[in-house]
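Peer 1: dropping a prediction and its sequence here:
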Amino acid sequence: MNIKGIPYGRQNISEEDIDAVVETLKADFLTQGPKVTEFEEKFAEYVGSKYALAVSNATAGLHLSVLALGIQPGDRVITTPITFAASANCVRYGEGEVWFADIDPETYLLSYEKTKELIESKPKGFFKGIIPVDFAGLPVDLEKFKKLAEKHSLWLIEDACHAPGGYFIDSNEKKQHCGNGNYADIGVFSFHPVKHIACGEGGMLTTNSEELYKKLSLLRTHGITKEGMIENHGGWYYEMQDLGYNYRLTDIQSALGITQLEKNYKGVERRNEIAKEYKKAFQGLVKYQKNLENSYNAYHLFVIEVEDRLGLYNFLRENKIYAQVHYIPVHKLPYYNEIGYNSANLKNAEKYYSRCLSLPMYPTLTEDEQKYVIKKVFEFAQ
Ligand SMILES: *Cc1c(COP(=O)(O)O)cnc(C)c1O
């Protein structure tokens with residue numbers, strides 16, 4: 001087999017995607033036009049939320065989410081240390097404090113028990129919110145987190161960047177798609193090319209709250225609106241009612257998002273097939289992320305754990321397999337170290353980090369390529 005190099009993830013752009021972009025380039029609107037609205041409507045339908053709001057990237061979306069839900073300097077928010085830095089950084093944008101609770105050593109998700117312990121170890125009103133992450137595509141049990149959040153009057157943001165298409169079954173036997181807004185206040189998605197849906201850059205916020213949707217919309221466009229104006233000087237007149245940003249997605253990107261979203265139905269199925277093959281090969285031999293019962297993993301990543309991670313990483317690279325580490329724990333990053341985060345209670349996260357490796361996982365990975373990856377992992381392990 002002629003192996004050109006197998007990355008851990010890659011986008012899938014077809015002629016159809018290219019045509020959609022070219023068509024939009026010839027249309028009247030390059031931004032703030034009908035493609036953005038169409039993408040938002042289709043995305044809301046996909047996840048089953050009432051509202052969806054396209055943004056320039058998920059980091060911008062997380063920033064708007066904490067602003068809309070409310071953050072003051074010193075407010076404390078809990079998230080997982082095993083995530084991309086952006087899940088925590090949004091709290092810092094609002095000058096809030098990030099508190100990390102440990103992960104579950106089997107699912108790698110923010111541990112509900114550890115989060116509960118942390119909250120209950122502090123006086124009432126100590127924390128402001130929780131940001132759980134559907135890590136690697138595995139949905140967090142938001143039903144539990146929602147109860148906890150309600151009990152302690154906390155807001156809840158679901159970082160669903162890894163999980164468009166994932167779902168869990170709740171205690172009423174209902175399918176709850178990631179980002180459907182039934183449990184979290186806001187869901188956040190990313191359209192960076194390593195994620196499921198590629199827009200170049202891009203993101204989506206989902207919610208079931210009209211009030212939040214309105215706030216988020218206003219903040220996405222400078223805080224400028226023509227609705228509910230205090231004065232009106234004529235047809236041209238608008239008001240800036242809040243300090244907002246320009247976090248818009250373009251029509252060009254949205255056109256790509258629409259055709260990409262269409263592919264995600266099959267894409268997630270294919271990701272699950274790939275995961276099944278990996279599990280079949282590794283069962284009892286190599287540890288991998290445990291799936292929660294009653295949940296459907298969207299498989300952004302397929303993570304295994306090995307004793308000699310550096311050795312395997314280098315061996316795979318020599319064989320043109322570009323596995324990756326997700327993630328360096330956020331509290332270990334120099335910025336967070338500097339502002340004084342210690343790691344005393346994050347033992348699972350640190351152990352996980354010393355052993356984790358993400359193997360190639362994307363819909364266009366061929367059967368032969370996957371067999372080659374599995375063969376090389378075994379070659380090293382033996
Ligand atoms: C990728 C990612 C983000 C940030 O997404 P961008 O669109 O690149 O800003 C946030 N959280 C998680 C968990 C991610 O994987």
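Peer 2: Good, I have the coordinates.

Peer 1: now the residue nearest the centre of the chain: closest residue in space that isn't a chain neighbour?
Peer 2: In the chain, the centroid-proximal residue (C-alpha atoms, centre = their mean) is C161; its distance is 1.6 Å. For C161, the nearest residue in space outside its immediate sequence neighbours is S190; the separation is 4.0 Å by C-beta to C-beta, 6 or more residues apart in numbering. Just so you know, the C-beta spots here come from the backbone N, C-alpha and C atoms, and that holds for glycine as well.

Peer 1: tell me which residues in the longest helix out of those in the chain are buried?
Peer 2: Ranked by residue count, the top helix of the chain under DSSP state H comes out as helix 251-282. Within helix 251-282, the residues that qualify as buried by neighbour count (16 or more other C-beta atoms under 10 Å) are 251-264, 267-268, 270-272, 274-275, 277-278, 281-282.

Peer 1: my read: the residue nearest to the centre of the chain touches N57, true?
Peer 2: No: in this structure C161 lies outside contact range of N57 using C-beta atoms under 8 Å: 10.0 Å.

Peer 1: what sits in contact with each of these two?
Peer 2: Residues touching both C161 and N57 (C-beta atoms under 8 Å, 6 or more residues apart in numbering): S190.

Peer 1: what bridges to the closest residue to the ligand within the stretch 201-350 of the chain?
Peer 2: Residue of the stretch 201-350 of the chain nearest the ligand, by C-beta to the nearest ligand atom: G203 (4.8 Å). Beta-bridge partners for G203, by DSSP bridges, are V55, S190.

Peer 1: looks to me like E16 is in a helix.
Peer 2: Yes: assigned with DSSP: H, G, I helix; E, B strand; the rest coil, E16 falls within a helix.

Peer 1: distance check, it against P193.
Peer 2: Distance from E16 to P193, counting by C-beta to C-beta, to the nearest Å: 17 Å.

Peer 1: ok, the two, which is more surrounded?
Peer 2: In this view E16 and P193 are compared by other C-beta atoms under 10 Å, and P193 has more residues nearby, 17 against 11.

Peer 1: quick one: residues contacting the spatially closest residue to that one that is not a sequence neighbour.
Peer 2: Leaving aside its sequence neighbours, P193 sits nearest to Q11 (C-beta to C-beta, 6+ apart; 4.2 Å). When the contact criterion is C-beta under 8 Å, 6+ apart, the partners of Q11 are P193, V194, A198, Y362.

Peer 1: the first one and G200 touch, don't they?
Peer 2: Meaning P193. Yes: between P193 and G200 there is a contact under C-beta under 8 Å: 7.0 Å.

Peer 1: where does the chain have its least confident helix or strand?
Peer 2: Every helix and strand of the chain was ranked by mean pLDDT, DSSP states H and E. The lowest is helix 334-338, at a mean of 91.

Peer 1: packing partners of that one?
Peer 2: Contacts defined by 3 or more C-beta pairs under 8 Å, 6 or more residues apart in numbering; DSSP states H and E place helix 334-338 against no helix or strand at all.

Peer 1: what residues does the stretch 1-150 of the chain have near the ligand?
Peer 2: Contacts of the stretch 1-150 of the chain with the ligand, taken as C-beta under 6 Å from any ligand atom, map to N57, A58, T59, T83, F84, A86, S87, V133.

Peer 1: dump the residue contacts of the second one.
Peer 2: For A58, the contacting residues are A86, D159, C161, V188, F189, S190, F191, H192, G203, taking C-beta under 8 Å, 6+ apart as the criterion.

Peer 1: one more time with 7 Å
Peer 2: A58 is in contact with A86, C161, V188, F189, S190, G203, counting by C-beta atoms under 7 Å, 6 or more residues apart in numbering.

Peer 1: from those residues, which is closest to I339?
Peer 2: Nearest to I339 out of the contacts of A58 is A86 (C-beta to C-beta; 16.5 Å).

Peer 1: would you check that the closest one makes contact with G61?
Peer 2: No: using C-beta atoms under 7 Å, A86 makes no contact with G61, being 9.3 Å away.

Peer 1: which secondary structure state is assigned to the residue nearest to the centre of the chain?
Peer 2: Taking three-state DSSP as the rule, one finds C161 in the coil state.

Peer 1: phi, psi of the closest residue to V306 other than its chain neighbours?
Peer 2: In space, and not counting its chain neighbours, V306 is closest to L312: 5.2 Å by C-beta to C-beta, 6+ apart. Per-residue torsions, L312: phi -70, psi -40 (degrees, to the nearest 10).

Peer 1: what's the neighbour count on L312?
Peer 2: The number of residues near L312, taken as other C-beta under 10 Å, comes to 22.

Peer 1: which SS state does L357 fall under?
Peer 2: Of the three states, L357 takes strand under three-state DSSP.

Peer 1: who's it bridged to?
Peer 2: With DSSP bridges applied, L357 shows beta-bridge pairing to I304.

Peer 1: which of the buried residues of helix 251-282 come close to the ligand?
Peer 2: Answer for these near the ligand: none qualify (C-beta under 6 Å from any ligand atom).

Peer 1: which secondary structure state does A298 sit in?
Peer 2: Under three-state DSSP, A298 falls in the coil class.

Peer 1: just E45 next, same as before
Peer 2: E45 is classified as helix under three-state DSSP.
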